[in-house]
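Trainee: requesting a structural model of the entry that follows:
(chains A and B)
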Number of protein chains: 2
Amino acid sequence: MIELKRDSLHLSVRDPVATSMNFLNEIAGQYPDAISLAAGRPHESFHSTADITRYLDAYQAHLARDGYGPDRIRTALLQYGRTNGQLGELIARMLLIDEGITVAPDAVAVTAGCQEAMAIALRGLCRDPEDVVLAAEPCYVGLTGAARLLGISVVPVPEGDGGLEPRAVAEVARKVRAGGRRPRALYVVPTFSNPSGTTLDRAARLELLEVAETEDLLILEDDPYGLFGLDDEPRPSLKALDRRGRVVYLGTFSKSCFPGARVGFLVADQTVIDNSGHRRTLADELSAVKSMLSVNTSPIAQAVIGGMLVASGCSLRRAAYDKTLLYRRNLRVLLEALDDEVPGSLRRDGAVAWNRPDGGYFVGLRVPFAADVRLLELSAQEYGVLWTPMSFFYESGGTHAIRLACSALDPDEIREGVRRLVRLIVGQLR
Amino acid sequence: MIELKRDSLHLSVRDPVATSMNFLNEIAGQYPDAISLAAGRPHESFHSTADITRYLDAYQAHLARDGYGPDRIRTALLQYGRTNGQLGELIARMLLIDEGITVAPDAVAVTAGCQEAMAIALRGLCRDPEDVVLAAEPCYVGLTGAARLLGISVVPVPEGDGGLEPRAVAEVARKVRAGGRRPRALYVVPTFSNPSGTTLDRAARLELLEVAETEDLLILEDDPYGLFGLDDEPRPSLKALDRRGRVVYLGTFSKSCFPGARVGFLVADQTVIDNSGHRRTLADELSAVKSMLSVNTSPIAQAVIGGMLVASGCSLRRAAYDKTLLYRRNLRVLLEALDDEVPGSLRRDGAVAWNRPDGGYFVGLRVPFAADVRLLELSAQEYGVLWTPMSFFYESGGTHAIRLACSALDPDEIREGVRRLVRLIVGQLR
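Mentor: Residues are numbered from 1 along each chain as shown, chains lettered A, B, ... in the order given. Alright, predicted model coming up:
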């Protein structure tokens, strides 16, 4: 039997992030009783498997109301289908109701989760080796991983305390260009970011759109957590504020519905013009990429999400409000627990400090020592608590910080998790 | 509003094959009454949407028998899950029963259709720009498209009349190596190929495995049509004959069940060894690639296919036998119609000729003129029949040939389609 050498395989197999995440999963498996402040999974209390059938039925009823006979419904659910999927209209309606985003249905592409949407957008937009993507750092690992797989360089733009700074984006873009490369797009989670929890205010958003215009960038706006604010204040997405077609919007139903459908989407209403003057939407053009990744998104999975949208009147903000309330409670509990449990002595000079996100699943915590995988293993074994080293989200750096997630836990677990974490920190400083 | 220039986008957006396929779809849309000998879709008569629920129930019952409580079942269907999926055991059992292939469940990765399995295998195996993949030509467009997206060169190995010739593979591999590039793998559909309909006999299969060994190639064996022979003779897959771990097997449930689930898989039981001597299966290593493409395959879609496998006792050969019989009938009807309808005068000197596949969806037809998209448009408009130019499946060449598909039609349509096609041919030769 042959043996393959691991270093004969592609870099993305040996991706340090994949390796780290794998290590995290292994530790979680080894210490099943540890409380996981690492897992950014949705809470499991909202749905039962009966919802699958309920949504499938709702979607079929919707198609029937649209004039589909039984044969056409069967074809829609069981046969190959349109590359960009069949939910364009429902998603466009949802974006209008929930986000004030106006797009045509054919500017929407349904994808195998938001991960595929990222891979499609990156691939379509970056033509040459010198085409690079900027990304707010710390950065969600799915973006850097997809880029590595496609051989696309990601140039980090360090976040400030308030999140990504538009001026820093312009600076990095100019530097990249001066180095002979072409900055094509900027990836950012402007609302309740993963991993840092930061949110851009309206002024920063408008400024960022200006920078995109000046520096000729597209913005890949990823918005998985926007529904989950600590308050009900509207935080307009970049796409909603975009007047010049600079934003490609990436979405997912993993948090607003459930991950098991693996349905995400991208909105790309930009016009693409070919040499003969023909115009199509960017979403149409990107369908060629989608077709070579997965042909189309499972129509059954689409039907489940379609039924959920129909059943909710295409308003996730309303339909997922129970989720909003739970994540709101969890984030408050996490912040209160940190306030209550971290002794003042540790906070002196900002030795241990954390931010106060306005929503989402995550809080960033600074610690006065290297929070690496070795420490994580000790933390699991001796203290019974898991967390994610913030360095996983950096090209280099982020060594003295931790990402805390509170989405999948109940309040008592969050409080106990924080107590254990504080014990670890105290233990390290002894 | 900005306008993007099409040639600023990645090559895969402007993929000539994607463009051609798009053109084919547009023509099909423009002439809905034309009979399509182009569509290689499964026939729609086998399933109803009620099967979705039936399979979902069967899978949940299976999990319950395996000791899963309601909460664990909910998690399995609705939550994020293992990157390589949850059907490893059922698929391994199916491969043993149907194909005589013995693999461990953890050598199986469930993918978003076979298309994703191709992309994952290509990406993982090709590390450097000089790593290339050989492919039997004419070649399924999904393989060349995925390679283009990943920046991987595909070197064609021309098929002979009986399909791929092992000696030709060895020659091309050596030539590639002599040119300073590294042939990593060979892509082939050994049984009832798409598009040519050819099948390798047992001797050719064994010889091909020898060539893989001598030339240090992995074989990517794609097997979507193996169930659909004109007879019930066993045709052992390369994977079943493989004694040295040279074959990565790619499978799909789109034909044996239905495409709407978008569930495929890859089997990669090769050992990968890292610099510290640790060993993992290739499937495990490739999971890092899968995670950056789509995180994991929709657990709901997996549950549908899992339920189908459970309900069929993990034998598709048995469960899909009604499909076998229908496709068998259709292929016979197509071959008979060609025999009946193509006048002897056209066959003289092999001007018009076709092969006689032992099974599958496709027949290759040679014609004495260029069968290009211009002619296809005329064919749709004037003769009411669609087909696929064989040139779509060639890097260059295949200009005087046509792929005929018979899978989605009923016998009368096949016969009428062939009559129309003959009229087109006669018209062209006038």
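
Trainee: contacts only, for A:E221.
Mentor: A:V188, A:V189, A:P190, A:S237, A:L238, A:K239, A:V247, A:V248, A:Y249, A:L250 (CB atoms under 8 Å, 6 or more residues apart in numbering or on different chains). To be clear about C-beta, it is placed using only N, CA and C from the backbone, and glycine gets the same treatment.

Trainee: kindly recompute the last result at 6 Å.
Mentor: A:L238, A:K239, A:V247, A:Y249 (CB atoms under 6 Å, 6 or more residues apart in numbering or on different chains).

Trainee: please see if the host helix or strand of the second one touches chain B.
Mentor: Read it as A:K239. Element membership for A:K239 (DSSP states H and E) is helix A:238-241. No - Helix A:238-241 is not in contact with chain B by CB under 6 Å from any CB of the partner chain; minimum separation 13.5 Å.

Trainee: check which helices and strands that helix sits against.
Mentor: strand A:218-222, strand A:247-252 (3 or more CB pairs under 6 Å, 6 or more residues apart in numbering or on different chains; DSSP states H and E).

Trainee: what mean pLDDT does it get?
Mentor: Averaged across helix A:238-241, the pLDDT comes to 98.

Trainee: same check, this time on stretch A:195-205
Mentor: 97.

Trainee: and for the closest residue to A:L334 other than its chain neighbours, the neighbour number?
Mentor: Closest residue in space to A:L334, ignoring its immediate chain neighbours: A:C406 at 4.2 Å, by CB to CB, 6 or more residues apart in numbering or on different chains. Neighbours of A:C406 under the rule other CB atoms under 10 Å in any protein chain shown: 28.

Trainee: contacts only, for A:C406.
Mentor: By CB under 6 Å, 6+ apart, A:C406 lies in contact with A:N330, A:L331, A:L334, A:I414.

Trainee: for the residue nearest to the second one when sequence neighbours are not counted, phi and psi?
Mentor: For A:L331, ignoring the flanking residues on the chain, the nearest one in space by CB to CB, 6+ apart is A:C406 at 5.8 Å. Taking degrees, to the nearest 10, you get phi -130, psi 10 for the backbone angles of A:C406.

Trainee: got it, and A:I101?
Mentor: Phi and psi for A:I101, reported as degrees, to the nearest 10, are phi -100, psi 130.

Trainee: next: A:R280.
Mentor: In terms of degrees, to the nearest 10, the main-chain angles of A:R280 are phi -140, psi 170.

Trainee: so in terms of bridging, what pairs with it?
Mentor: Per DSSP bridges, the residues bridged to A:R280 are A:V272.

Trainee: just to revisit the earlier point, which of the contacts of A:E221 lies closest to chain B?
Mentor: Closest approach to chain B among the contacts of A:E221 (CB to the nearest CB): A:V247, at 10.6 Å.

Trainee: now the stretch 101-250 of chain A against chain B: closest residue?
Mentor: When scored by CB to the nearest CB, the stretch 101-250 of chain A has A:G145 as its residue closest to chain B, at 3.7 Å.

Trainee: local confidence estimate at A:P234?
Mentor: At A:P234, pLDDT is 88.

Trainee: and the pLDDT at the residue nearest to A:L331?
Mentor: Note for A:C406: predicted pLDDT of 97.

Trainee: same thing with A:L316?
Mentor: At A:L316, the model reports a pLDDT of 94.

Trainee: next up, the contacts around it.
Mentor: A:L316 neighbours (CB under 6 Å, 6+ apart): A:D98, A:S256.

Trainee: relative to A:E210, how far out is it?
Mentor: Taking CB to CB, to the nearest Å as the measure, A:L316 falls 29 Å from A:E210.

Trainee: now swap in A:V13 and tell me
Mentor: Separation of A:V13 from A:E210 (CB to CB): 40 Å.

Trainee: same question, A:I97
Mentor: From A:I97 across to A:E210, the span is 28 Å (CB to CB).

Trainee: ok, now A:V103?
Mentor: Here A:V103 is placed at a distance of 22 Å from A:E210 (CB to CB).

Trainee: which one of the two is surrounded by more residues?
Mentor: Taking neighbours as other CB under 10 Å, A:V103 and A:E210 compare with A:V103 leading, 20 against 14.

Trainee: what secondary structure does the more buried one sit in?
Mentor: Three-state call for A:V103 (DSSP: H, G, I helix; E, B strand; the rest coil): coil.

Trainee: where do the helices sit along the stretch 201-350 of chain A?
Mentor: When secondary structure is read from DSSP state H, counting those that start in this stretch, the stretch 201-350 of chain A shows helices at A:202-214, A:238-241, A:282-294, A:299-311, A:316-319, A:321-341, A:344-347.

Trainee: neighbours around the nearest residue to A:G359 once chain neighbours are set aside, how many?
Mentor: Excluding the flanking residues, the one nearest A:G359 by CB to CB, 6+ apart is A:G229, at 3.6 Å. Neighbour count for A:G229, taken as other CB under 10 Å: 21.

Trainee: again, but for A:A185
Mentor: By other CB under 10 Å, 22 other residues sit near A:A185.

Trainee: so who does it touch?
Mentor: Contacts of A:A185 (CB under 6 Å, 6+ apart): A:L125, A:V133, A:L217, A:L218, A:L220.
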